[in-house]
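J.: my questions are about this predicted structure, shown below with the sequence.
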Amino acid sequence: MKRYLAIATALMLAASSLLGAAPSSAQSKGEIVIGLQCDRTGATQIVGTVLCPGFHDYIALVNSKGGVEGHTLKVIEIDHEYKVPPGVESYERHKKEGAVIIGVYGTPHIYALQQKLTEDRIPGTSPGFGSAAAADGQRYPYIFPIAATYWSQAAAAADFAKKQLGGSLKGKKIAYLFYDNPAGREPIEVLEDIATKEGFQLKTFAVPPPGVEMGAQVLDIAQRFRADFVISHLFGGAPSVSIKELKRVGYPLRKVVGLVWASAEANIEGAGGFGVADGYYAMQFAGVGTDYPVLNEIREMYKKQGKPAPKEMASTVFYNRGVLLGAIHTEAIRNAVKAKPDGKITGVDVKNGFEKISNFTLGGLVPPLKITPQDHEGGGLVQIWQVKDGKFVKVTDWFAAYQDVVAKHIKEAGKKS
Amino acid sequence: MIHRECGVLKTTYEADMALYPLPIAKYTVAALAVLFFGIIPLALHEYYLSIANLVWIAVIGALGLNILVGYTGQVSIGHGAFMSVGAYTAANFATRLDAPWPVNLLAGGLMAALVGAVVGIPSLRIKGLYLAIATLAGQLIIEWTINHVTFISGGVQASIEVARPRIGPYVLASQRAMYYFLLVFVVLAIVGTMNLVRSRVGRAFIAIRDQDIAAEIIGINIFRYKLLAFAISSFYAGVTGVLYTYYLGIANYEQFQIGVSIDYLAMIIIGGLGSVLGSIFGAVFVTLLPIVIRYAMEAVSGVLFSQATVHNLIPALRLTLFGALIIVFLVVEPEGLNRLWRNIRSYFRVWPFAY
């Protein structure tokens, strides 16, 4: 017992001394700090383990070319396991380290930090998740969705279905298969509006968490409702299940479009590979594939260091999103530094930098966003890619649809509170 | 708590039940008060206070769960849901009625107590694992309701923003202000629990935990006290939920999912069932340990591995180490950190003369 006690006391002492001796932030001159939240171990780890390396690689590339106008960028990554309290802690840590911009990760996290970010005047990004109403830059001055929100994604999906079904949706049946949580239900109101406008019949099919059981819903879609098109909005492992189940009941996958979190290589592989999912449409807010100049530059950078390109690059959907994210953050900082050449920028400067981003495409990997003080979404642009012959093939270029409907809902959300 | 007592001869029941069994304890409490109300918030950076705030929220929640699980012996996996009941009640009061925060806090706590008592009804007939599943059902039903009933959740996004609490002209927004705000409730919760467990009600709870049939035979109304335990525990949970909502400025569906219930259960098991100090230790341990491990690994791993490996390694290893340390502590002392602390105390009580 005595020995145990000694060990326990020693452990406690060690723990307390570690907390005391926490590395202090020695912010060297000219260094600009970016806070990045990641989820490499939690519920959405299939995203985090690939997206975050993409982010780091792009920043490393920028730094290897001399940084942003001579200032080095420093990324502090903190993993929060997709839990809220560690997310709050990581935000405070980023703030302490002097971060001028935070890459928030996770819908509950952007909600939890909304008020703090605004009070502390540090811009936070929520690419492709979070509240769609946050596109309203007047109401949420420090929240930047910077990619198509769920509302814009659903609108684009409806438009894509219209094109696939011959230019008119009148009298057609569209099934909306969604994960039964707030994020999954968010687009319904927009879809309902579009349904009235276009005269199609919309039916929603909820998949209860954890989203691995949807045989009944899929059977209903395929054989009772007989949908002309399916819009699927699922997360985590659920997209793979949906593809598998739709295939099993014989529903043609070329009539299914998955929103941005149902559209990665991992989802296709989970369903049994690209052969099984042949025909499936996937919505993207960043370019897919390896054929972009910036990716070649990253490979080149690794070659110069005598290292092989990271294996995460093979998972192009999430990796490219990480690169996109890194690039837009860098761009905002670049605009901020241009306005303040001494490099002593604050969150406010970066916010203004964000609002100057326009037509920054990175050789096609990034949509030609136009972020303004009013519109923090940047236009709600997406691309549709199709699973074909073992890979993703581009079907449409960047497009946005029904932005009037989306704008109406953003306005209504702003009025509500 | 931390004294080397000697010559303490208790001759009355009152003396035995006193909150401060030793005269010196009063000074210790005063010193702790100075430390927590004066030195810590003034000396530390806001970042550390933000961690302290997360700890405070966890402490209140853990105390509440310990009343139910540790003192009354009724297992509950619905603590997160009771927190959400409090949170959404307060958020609705705040946005619809413009009620001030003390009203919302009380309303949130009472509503959670009511819902908790209802969810606790099965405890009259079932025990142990069966009850755990019944409360799990409560958790899922409450989650489902908040997700689907927009009257409660304030829209499909199921999140309601609340304004910062204000006391007179002061708006409590900074971490430092929040620290004081939360600490007051932590003190109330600790004192409240300590008083509860030495009262008639608390002793009835303990009697039910130890042997409910015997308790009934000596005249304890099982029906009333079991539901009371659920209500009190849920009241704490509701208050935790409200404080959490005010701390973040928003009530959001995903803050109170089943993982939260499990986390709180882990806190009180690691800390020690049926002890106030154990709840505090558990809450501190579960909240702080991952952070401490991360700092330690950031300091060490950079020397051994490349940057990209470190990014991948830290989260994974942190999770593993966290789990391993929980096992180690529980193997060393199955009754939790509170027992470990008492062992250390009794070892040093006679130190350096071992016998």
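T.: That came through fine.
J.: can you count the residues close to the residue of the stretch 101-250 of chain B found nearest chain A?
T.: The stretch 101-250 of chain B approaches chain A most closely through residue B:249 (3.2 Å), counting by Cβ to the nearest Cβ. (Glycine included, C-beta is placed from N, CA and C.) Number of residues near residue B:249 (other Cβ atoms under 10 Å in any protein chain shown) recorded here: 20.
J.: that one contacts residue A:111, doesn't it?
T.: No - using Cβ atoms under 8 Å, residue B:249 makes no contact with residue A:111, being 9.3 Å away.
J.: in contact with residue 249, which residues?
T.: Looking at chain A here, since you left the chain open. Neighbouring residues of residue A:249 by Cβ atoms under 8 Å, 6 or more residues apart in numbering or on different chains: A:218, A:219, A:222, A:223.
J.: chain B is the one I meant
T.: Counting by Cβ under 8 Å, 6+ apart, residue B:249 touches A:114, A:115, A:116, B:161, B:162, B:163, B:164.
J.: in contact with residue A:310, which residues?
T.: If a contact means Cβ under 8 Å, 6+ apart, then residue A:310 has A:53, A:57, A:302, B:308 as its contacts.
J.: if you set the cut-off to 10 Å instead, what comes out?
T.: Residues near residue A:310 by Cβ atoms under 10 Å, 6 or more residues apart in numbering or on different chains: A:50, A:53, A:54, A:56, A:57, A:298, A:299, A:302, A:319, B:308.
J.: neighbour-wise, which one of the residues you listed leads?
T.: Highest neighbour count within the contacts of residue A:310: residue A:319, with 29 neighbours (other Cβ under 10 Å).
J.: now the one helix or strand residue B:338 maps to: buried residues?
T.: For residue B:338, the host element (DSSP states H and E) is helix B:337-349. Residues B:337, B:338, B:339, B:340, B:341, B:342, B:343, B:344 are the ones in helix B:337-349 that count as buried (16 or more other Cβ atoms under 10 Å in any protein chain shown).
J.: near chain A, from those?
T.: B:337, B:340, B:341, B:343, B:344 (Cβ under 10 Å from any Cβ of the partner chain).
J.: quick check: closest non-adjacent residue to the second one.
T.: Ranked by Cβ to Cβ, 6 or more residues apart in numbering or on different chains and with sequence neighbours excluded, the top spatial neighbour of residue B:340 is residue B:333, at 4.3 Å.
J.: that neighbour reaches residue B:269, doesn't it?
T.: No - using Cβ atoms under 10 Å as the test, residue B:333 is too far from residue B:269 to be in contact (11.8 Å).
J.: so residue A:37, which state does it fall into?
T.: Assigned with DSSP: H, G, I helix; E, B strand; the rest coil, residue A:37 falls in the strand class.
J.: for it, list the residues it contacts.
T.: Neighbour list for residue A:37: A:48, A:52, A:76-80, A:82, A:86-87, A:90-91, A:94, A:102-106, A:109-110, A:113, A:124-125 [criterion: Cβ under 10 Å, 6+ apart].
J.: so how far is the longest helix seen in chain A off the chain centroid?
T.: Counting by DSSP state H, the longest helix found in chain A is helix A:316-339. Put simply, helix A:316-339 sits 13 Å off its chain's centre (Cα atoms, centre = their mean, to the nearest Å).
J.: perfect, I'm done here.
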